[in-house]
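Peer 1: the following comprises the amino acid sequence and a computationally predicted model.
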Amino acid sequence: MTRQHRVLALASVVVVLATGGCGVSTSGPVDLGDGLVAGANNRNAGDRPPSPNDATSEVDLVQRYLKAGVESGPGQPLDRVQAFLTSKAQSTLGVDPKNPPDPMVIRIVGGPTRSPADTAGSNVRVDYIQLGPLSDQGRIDDLADPTVKAMTFHVTAAEDPSKLRIDEITNAPAPIVISDDALNQFYRIQPVYFWDSGNTTLVPDIRYVPVGLAPDARAGRIVQWLVDGPSGWVGAARLPTGIAVKPSVQVRDGKVIVNLNAQAAAVGDAALERLYHQLQWSLQDSLALARVTLEIEDKAQVFKGSPADYQHFDASYSLPARGVKYDIVDGKVVPIAAGGALPPILSAKENQNVLYAAINRTATAAAYVKLGSDGHNRSLLIVRDGAPTVTVTFPAKSADAGRPVWATSDTLLIPYGGLLYAVSGADGHAINVTPQRVGKVQAVSIAPDGRRIALVADGQAYVTSFTPGDSLSVGNTPRALLSGQVNALAVAWTDERSLYVAGKSTTMWQVTADGVFATNLSKALGGVTATDVVAFPTAPFQGSAEAYLYTPAIYPFIIELSQLTLDPRLKAPFFGG
C-alpha cells in the first residue's frame with residue numbers, strides 16, 4: 001500500500017467516521033446495527049412468525065408474508081403462508097401439504113414499494129436476489145443466479161374489508177419464499193464442526209437452526225447434521241462409517257446426552273474421542289456452553305484429559321484478544337506502539353522500499369513485497385531469524401502483486417501476476433494453487449481455522465477450502481460471495497464465520513462465509529472508497545474484530561471501538577499472524 005493511501009479502522013458493530021475532505025460526517029456514532037450474529041447467538045426463541053391480521057399497510061403485509069414461511073413457532077410454515085392469501089391465491093400455490101418444498105431464501109435489494117391504489121387493490125413490488133432453498137440440512141447448497149429480479153404482490157381486501165390479503169403473486173421464485181431478514185430473525189447461525197483431512201483441526205460448516213425448536217430437538221438436529229456430513233465446498237472430512245445416532249438426543253440439566261449405536265464402538269477410541277470434541281464444539285453455541293455426554297448403547301464413554309480439551313482443536317479459539325500491529329512508514333515495516341529492541345527481521349537490511357508485508361505470529365519470519373530493481377516488477381523476499389534471505393522466483397515476473405499472508409508457520413499465500421501462489425518460507429519454492437474457474441486473483445485472506453481462504457478474483461469474492469502441509473492445495477469449488485452486489489477489491493476475515501468485503505464505488509459488506517447472510521455497511525463509509533481492508537479476527541464468544549479499512553482520504557484516521565483518534569503516524573497498518 002503506497003503512502004498516499006490512508007486508513008479507517010472499523011469496529012464490527014458501531015463505527016465513528018471522521019471528516020477529511022471526503023464527505024464523512026463527525027456528528028456522532030454511525031450505528032451499523034446488529035451486523036452478523038457473532039459469539040453466542042441471542043435470538044429470542046419466543047419470537048413468533050407474523051400474522052397477516054396485524055398488517056397496517058400493503059407494504060407491511062408483504063414484509064410479514066416474507067417471514068411467514070420460516071420454521072419457527074406454532075403451526076406449519078405452509079399454513080402460515082396460506083393465511084396471507086385469498087382463496088384464489090391459495091389454489092394457485094401448487095404445494096402438496098404432505099410434502100411442502102424447502103423455503104426459497106431471497107435477499108431484498110429494493111422495496112417493498114407500493115404502487116398507487118385503484119379500485120381492484122394495490123401492487124407491491126420487491127426487487128430481490130435469489131440465494132437458494134434452505135434445505136433440511138440447515139444450509140443453502142448452491143447459491144443461485146445473482147441476477148436482480150422483481151416479484152409483484154397484488155394486495156386486495158379479504159372477505160373482511162378491514163383485512164388485507166395477497167390475491168396474486170407474479171414471478172415468485174418458489175411457492176414458499178422467505179427473506180434473509182427472516183433468516184436472521186428466526187434462525188441462529190450454527191457452525192457444525194468437522195475435522196480436516198488430517199484430523200488435526202476442526203473446520204466450521206455454517207448452518208441455520210430455527211430458534212423455536214425445543215433444546216432437545218435443536219440438539220438432535222445438529223447432531224444429525226454432523227452424522228450426515230459437511231457441505232461440499234468446505235473441504236472437511238465425514239464421520240467414520242458405522243457411526244449412527246439413536247433417535248433421541250436428550251438435554252437434561254444443561255447436559256446433552258448423545259447415544260450411539262453399538263457399531264460405533266468398532267471405529268476405535270481415537271475416532272470416538274474426535275467425535276466427542278466435534279459434538280462439544282457443535283453444541284456449544286446453541287445450548288449455552290452445554291456439557292456433552294457421549295454414550296454407546298446407553299453406556300457413557302470416558303475420555304482421557306480435561307473436559308475442556310476440545311477448545312484446543314478450534315484454531316480460532318487460541319487467537320489472542322488483540323493482534324500485533326505493524327505499519328509501513330517510509331518503506332519500512334515498524335511495530336505500532338512497540339517498546340524495546342526491534343525483532344531481527346525488522347532490523348534486517350531487506351526491510352526497506354517495502355510495498356506490502358506479512359509478519360508471522362512469533363515475529364520470526366517476514367515476507368516483504370518490494371519494487372524490483374527494474375523499477376517496475378514486484379519481488380518477494382523472505383527473511384527469517386538465523387537463516388539466509390530467500391528471494392522467491394515466480395515463473396514470470398510481474399508488476400501485479402498483492403498482500404502476502406502467512407497460512408502456516410512455514411507457508412505463505414500471495415497473489416502474484418493474477419495467480420495465487422503458495423510459497424515455502426524455508427526455500428521460497430512457489431506453487432500455483434489458483435482455483436479453477438476464477439479470474440485474475442487480486443487479494444487473499446486466511447480464515448482463523450487455517451483451512452479456508454477468502455480471495456478476490458476479477459472483482460468477485462470467493463471462499464474455498466485450503467489444505468496445508470505436504471498435500472498443500474486450494475479447493476477447486478470456490479463459493480462466490482455477494483455476486484452482482486459488490487465489485488470486490490479486498491477481503492478480511494472478522495471471525496471463523498464471516499468476513500468483510502470491500503469494493504469499488506464506496507461499498508463495504510460483512511457476509512457469512514457461505515454467502516447467505518450479509519449486512520451492507522456502505523452507508524457508514526460516508527462516500528469514501530475503500531482500497532484495501534485488513535483485520536485481526538476475533539475468537540469465538542470474544543466480541544468484535546479489529547480492522548483497518550484503507551481509503552484515499554485526505555487525512556489519516558483510525559477508529560477503534562467507536563473512539564475516534566486522529567493519528568498522522570499511521571500509514572499502512574496490518575496485523576501480524
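Peer 2: Great, that's in hand. Numbering: from 1, shown residues only.

Peer 1: nearest residue to the middle of this structure?
Peer 2: The C-alpha lying nearest the average C-alpha coordinate of the chain belongs to residue 498 (Cα atoms, centre = their mean; 2.1 Å).

Peer 1: that one touches residue 515, doesn't it?
Peer 2: No - between residue 498 and residue 515 there is no contact under Cβ atoms under 8 Å: 10.3 Å. Placement of C-beta: from N, CA and C, glycine included.

Peer 1: and stretch 142-161, how far out from the chain middle?
Peer 2: Taking Cα atoms, centre = their mean, to the nearest Å, the mean C-alpha location of stretch 142-161 is offset from the chain mean by 28 Å.

Peer 1: let me know the distance separating residue 456 from residue 502.
Peer 2: 9 Å (Cβ to Cβ, to the nearest Å).

Peer 1: ok, the two, which is more surrounded?
Peer 2: Shown here are residue 456 and residue 502; by other Cβ atoms under 10 Å, residue 502 has more neighbours (31 against 28).

Peer 1: quick check: chain neighbours aside, which residue is closest to that one?
Peer 2: residue 530 (3.7 Å; Cβ to Cβ, 6 or more residues apart in numbering).

Peer 1: number of residues surrounding residue 61?
Peer 2: Other residues lying near residue 61 total 26 when counted by other Cβ under 10 Å.

Peer 1: sorry, that was for residue 389
Peer 2: 15.

Peer 1: residues in contact with it?
Peer 2: With contact set as Cβ atoms under 8 Å, 6 or more residues apart in numbering, residue 389 has these partners: 348, 350, 381, 382, 383.

Peer 1: just the closest of those residues to residue 54, please.
Peer 2: For the contacts of residue 389, the minimum distance to residue 54 (Cβ to Cβ) is 63.4 Å, reached by residue 382.

Peer 1: centre of the chain to the longest helix seen in the chain, how far?
Peer 2: Longest among the helix segments of the chain by residue count, using DSSP state H, is helix 269-284. Put simply, helix 269-284 sits 23 Å off its chain's centre (Cα atoms, centre = their mean).

Peer 1: and it, what does it pack onto?
Peer 2: Applying 3 or more Cβ pairs under 8 Å, 6 or more residues apart in numbering; DSSP states H and E, one finds that helix 269-284 contacts strand 187-195, strand 202-210, helix 215-228, strand 255-260, strand 291-296.

Peer 1: okay, buried residues for the helix or strand just after the longest one please.
Peer 2: Using DSSP states H and E, the helix or strand that follows helix 215-228 in sequence is strand 250-252. Within strand 250-252, the residues that qualify as buried by neighbour count (16 or more other Cβ atoms under 10 Å) are 250, 251.

Peer 1: residues in contact with strand 250-252?
Peer 2: Residues outside strand 250-252 that contact it (Cβ under 8 Å, 6+ apart): 215, 216, 219, 256, 257, 259, 287, 290.

Peer 1: ranges for the strands of the stretch 51-200 of the chain?
Peer 2: 104-114, 122-133, 149-157, 164-170, 177-179, 187-195 (DSSP state E, counting those that start in this stretch).

Peer 1: can I get those strands in JSON lines including mean neighbour count?
Peer 2: Formatted as JSON lines, the strands of the stretch 51-200 of the chain follow (neighbours: other Cβ atoms under 10 Å):
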{"stretch": "strand 104-114", "mean neighbour count": "19"}
{"stretch": "strand 122-133", "mean neighbour count": "21"}
{"stretch": "strand 149-157", "mean neighbour count": "19"}
{"stretch": "strand 164-170", "mean neighbour count": "20"}
{"stretch": "strand 177-179", "mean neighbour count": "24"}
{"stretch": "strand 187-195", "mean neighbour count": "24"}
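
Peer 1: can I get those in TSV with distance to residue 470 and mean pLDDT?
Peer 2: As requested, the strands of the stretch 51-200 of the chain are exported to TSV (distance: least, Cβ to Cβ, whole Å; pLDDT from 0 to 100):
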stretch	distance to residue 470	mean pLDDT
strand 104-114	39	93
strand 122-133	36	94
strand 149-157	46	91
strand 164-170	55	93
strand 177-179	45	96
strand 187-195	17	94
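
Peer 1: any chance of those in a markdown table, with distance to residue 461 too?
Peer 2: Output for these, formatted as a markdown table (distance: least, Cβ to Cβ, whole Å):
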| stretch | distance to residue 461 |
| --- | --- |
| strand 104-114 | 15 |
| strand 122-133 | 15 |
| strand 149-157 | 22 |
| strand 164-170 | 32 |
| strand 177-179 | 22 |
| strand 187-195 | 19 |
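
Peer 1: tell me the secondary structure of residue 340, please.
Peer 2: coil (DSSP: H, G, I helix; E, B strand; the rest coil).

Peer 1: where do the domain boundaries of this structure fall?
Peer 2: If you go by automatic domain parsing, the domain ranges for the chain are 6-39+318-575, 52-185, 188-317.

Peer 1: lowest average pLDDT across those?
Peer 2: Of all those, domain 6-39+318-575 carries the lowest average pLDDT, namely a mean of 82.

Peer 1: so what's the gap between it and the chain middle?
Peer 2: 15 Å.

Peer 1: now do stretch 306-314
Peer 2: With Cα atoms, centre = their mean, you get 23 Å for stretch 306-314.

Peer 1: so what's residue 246 up against?
Peer 2: Residue 246 sits in contact with 259, 260, 261, where contact means Cβ under 8 Å, 6+ apart.

Peer 1: now it: how far from residue 137?
Peer 2: Separation of residue 246 from residue 137 (Cβ to Cβ): 20 Å.

Peer 1: do residue 196 as well
Peer 2: To residue 137, residue 196 is 20 Å away according to Cβ to Cβ.

Peer 1: quick one on the thing from earlier: residues of the longest helix of the chain that come out buried?
Peer 2: Applying 16+ other Cβ under 10 Å to helix 269-284 flags 271-284 as buried.

Peer 1: overlap in contacts, residue 456 and residue 502.
Peer 2: 488, 489, 490, 491.

Peer 1: residues in contact with the first one?
Peer 2: Counting by Cβ under 8 Å, 6+ apart, residue 488 makes contact with 442, 443, 456, 459, 460, 461, 482, 501, 502, 503.

Peer 1: ok, now the last one?
Peer 2: Residues in contact with residue 491, defined by Cβ under 8 Å, 6+ apart, are 443, 444, 445, 454, 455, 456, 461, 499, 500, 501, 502, 533.

Peer 1: my guess is residue 527 contacts residue 505. True?
Peer 2: No - counting by Cβ under 8 Å, residue 527 stays clear of residue 505, with 10.0 Å between them.

Peer 1: tell me which of the two has more neighbours.
Peer 2: residue 527 (12 against 9).

Peer 1: quick one: the helices in the protein?
Peer 2: 58-68, 77-82, 87-91, 180-186, 215-228, 269-284, 344-347.

Peer 1: the longest one vs helix 215-228, what angle?
Peer 2: To tie it back to what came earlier, the one meant is helix 269-284. 130 degrees (axes from the mean of the first three to the mean of the last three Cα atoms, to 10 degrees).

Peer 1: so what touches helix 269-284?
Peer 2: 190-195, 199, 202, 219, 222-223, 226, 239-240, 243, 256, 258, 264-265, 290, 292, 294, 301, 303-304, 309-310, 313-314, 540.

Peer 1: of those, buried ones?
Peer 2: For the contacts of helix 269-284, buried by 16+ other Cβ under 10 Å: 190-195, 202, 219, 222-223, 226, 239, 243, 256, 258, 264-265, 290, 292, 294, 301, 310, 313-314, 540.

Peer 1: tell me who's in contact with residue 148.
Peer 2: Residue 148 sits in contact with 109, 110, 127, 128, 129, 484, where contact means Cβ under 8 Å, 6+ apart.
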